[in-house]
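Asker: make a model of this:
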Amino acid sequence: MKTTILASATLIAFLGGAAAQATCIYPRPPESLPDGATATYDEMVAAQKAVKQFDADISAYNSCLELELESLLANPELDDARKAELRVMQAKKNNAAVDDVQAVVGRFNEQLRAFRERSEKDKKD
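Answerer: Below you'll find the predicted structure:
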């Protein structure tokens, strides 16, 4: 607990207090995705909508991060090294968010393939 408090205080001091003003909230991915081997059409459509919403939410999050970075970089007290560190941190957050979307989309696409294969098999039977 002491380590967490110390780390938080250090981060706030490191950012010059800007961390306390952070407003970008990381969106939650869809709770779960249906099993394509057993899901109904409506469940797959709902999952697709949830995945698309997560993608849109991540895009908004990344836009927020960019605005937050611009605000931080406008601080005349920051030197070039600190500005470079902030850019790197923002890029890492952006990349992690994009990786999360790609993972969710990948899992959904696997289930969608299973759903389509099952549908095609059902048509033949």
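Asker: please name every helix or strand in contact with the helix or strand hosting K121.
Answerer: In this structure, K121 is located in helix 80-124 according to DSSP states H and E. Helices and strands touching helix 80-124, by 3 or more C-beta pairs under 8 Å, 6 or more residues apart in numbering; DSSP states H and E, are helix 41-73. (Each C-beta comes from the backbone N, C-alpha and C, glycine too.)
Asker: just want the angle from the helix it packs on to helix 80-124.
Answerer: 170 degrees (axes from the mean of the first three to the mean of the last three C-alpha atoms, to 10 degrees).
Asker: and helix 41-73, what other elements does it pack with?
Answerer: Here helix 41-73 touches helix 80-124, going by 3+ C-beta pairs under 8 Å, 6+ apart.
Asker: check contacts around the residue nearest to A97 when sequence neighbours are not counted.
Answerer: Using C-beta to C-beta, 6 or more residues apart in numbering and skipping residues adjacent in sequence, the residue nearest A97 is I58, 4.9 Å away. For I58, the contact set (C-beta atoms under 8 Å, 6 or more residues apart in numbering) comprises P27, A97, V98, D100, V101.
Asker: what's the ChimeraX syntax to select whichever of these are buried?
Answerer: Of those, the buried ones go into a single ChimeraX selection, burial set by 16 or more other C-beta atoms under 10 Å:
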select :27,97,101
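Asker: quick check, nearest of the contacts of I58 to E117?
Answerer: Nearest to E117 among the contacts of I58: V101, at 24.5 Å, using C-beta to C-beta.
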